[in-house]
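Q: Task: produce atomic coordinates for the following.
(one chain, ligands or ions: 1)
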Amino acid sequence: MDYKEITLMINHEVEPFIADILNELGANGIVIEDSLELQKGRIETFGEIYELDPADYPDKDVRVKCYYSEFDYRAELLEQIEQAVKSLQDVEVTRFEISTADIKDEDWENEWKNHFHAFKASEKFTVVPSWEDYQSDPSEEVIHLDPGMAFGTGDHATTSMCLRLVEQHVKKGMSVIDVGTGSGILSIAAHRMGAAPIRAVDLDKVAVRVAEENFEINQCRDAIETDTGNLLVGETEKRDVVIANILAHIVDLMIDDAFNLLNDNGLFIASGIIDEKEEMIKDHISEAGFKIETTIREKGWVAILAKKVQ
Ligand SMILES: C[S@@+](CC[C@H](N)C(=O)[O-])C[C@H]1O[C@@H](n2cnc3c(N)ncnc32)[C@H](O)[C@@H]1O
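A: So this is what the prediction gives:
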């Protein structure tokens, strides 16, 4: 199968909203190359230095690439993306350029490899592409990943905030369901914290296959049950933790089910929420009976940890 790559050049004010727009329009993978990242320099950790390659970033503004399979791509998408960007409220769009390129199936894997390098995703977790050699420090937990066509390399704020909440709150023996598992990254993180049993579901069959491959790579294939599934529909087994990093309007649909499925004192980790939807989601979470314990924010996104206190 071949792919269509859509490249956008946008100004920084548009960036916090672009992944949301492209996800809504069905993009399979999104790469954000922000010129400001280069100025941030390097991330130093445990004596390792990961340097960003200037060739991967534009001189100014933000370059965004997203991918559609040949079956999903349609020419109207370009206009729909432009319309969605230009109708963002209170956001001044001073740059918007859009172009497309064809990517042959055999180039797809290499395309990802060009953009994805080892990096420290949270206090404990370092994400390392499955094809990269990496000398780890005993104090870090390395997650080996090949995201393929699934979302979740850990470099998106919504995922890294979940990793932080997982490392701080998921404990040995807790039962977990990871809704919208994507690459499987959050289930792998929960497994490393000692959680068991773990169930990972995704609406997208391709994500389920990719997650299974990543569980295999991280030697936890037998510890994590994987399935296609729509949110918590049909889930009956009680859990100590429900994790969902999906867009706010989708998370909204599962809040009451999460409350019902959780054991007393169970935790709901909800991410993928853009700033503007924070209050709406929090109101619903509180109305459902949860106590909101922690809120973290990064790059226009919000992640919430709520507890079922009876
Ligand atoms: C933003 S990605 C998160 C991936 C990964 N958990 C992470 O944190 O990086 C959202 C995932 O939710 C899945 N998804 C979207 N709607 C869903 C639904 N109704 N039920 C289950 N999964 C869904 C998508 O296929 C996608 O893999």
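Q: can I see the domain layout of this protein?
A: The chain breaks down into these domains under automatic domain parsing: 3-115, 119-308.
Q: Mean neighbour count, the ones you listed: which tops it?
A: The highest mean neighbour count among these, using mean count of other CB atoms under 10 Å, belongs to domain 119-308: a mean of 20. All C-beta atoms are positioned from the backbone trio N, CA, C, and that covers glycine.
Q: Can you pull the residues of the stretch 201-310 of the chain lying near the ligand?
A: 201-204, 207, 229-231, 245-246, 250, 272 (CB under 6 Å from any ligand atom).
Q: now do 5 Å
A: 202-204, 207, 230-231, 245-246 (CB under 5 Å from any ligand atom).
Q: which residues of the stretch 101-250 of the chain score low on pLDDT?
A: Along the stretch 101-250 of the chain, segments meeting pLDDT under 70 span 105-115, 149-150.
Q: can you give me the mean pLDDT across stretch 258-277?
A: Averaging pLDDT along stretch 258-277 gives 94.
Q: Quick check: next helix or strand after the longest strand along the chain?
A: The residue-count maximum for a strand in the chain (DSSP state E) belongs to strand 262-274. Note on strand 262-274: by DSSP states H and E, the next helix or strand toward the C-terminus is helix 278-288.
Q: by how many degrees do that next one and strand 262-274 diverge?
A: Angle, helix 278-288 to strand 262-274, by axes from the mean of the first three to the mean of the last three CA atoms, to 10 degrees: 170 degrees.
Q: Which strands or helices does helix 278-288 pack on?
A: In terms of contacts (3 or more CB pairs under 8 Å, 6 or more residues apart in numbering; DSSP states H and E), helix 278-288 is packed against helix 248-251, helix 255-261, strand 262-274, strand 290-298, strand 301-308.
Q: how about these in TSV, adding distance to Leu25?
A: Listed next are these as TSV, based on distance: least, CB to CB, whole Å:
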stretch	distance to Leu25
helix 248-251	14
helix 255-261	25
strand 262-274	15
strand 290-298	23
strand 301-308	18
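Q: right, so of these, which gets closest to Gly184?
A: Nearest to Gly184, of all the helices and strands packed on helix 278-288, is strand 262-274, at 15.5 Å by CB to CB.
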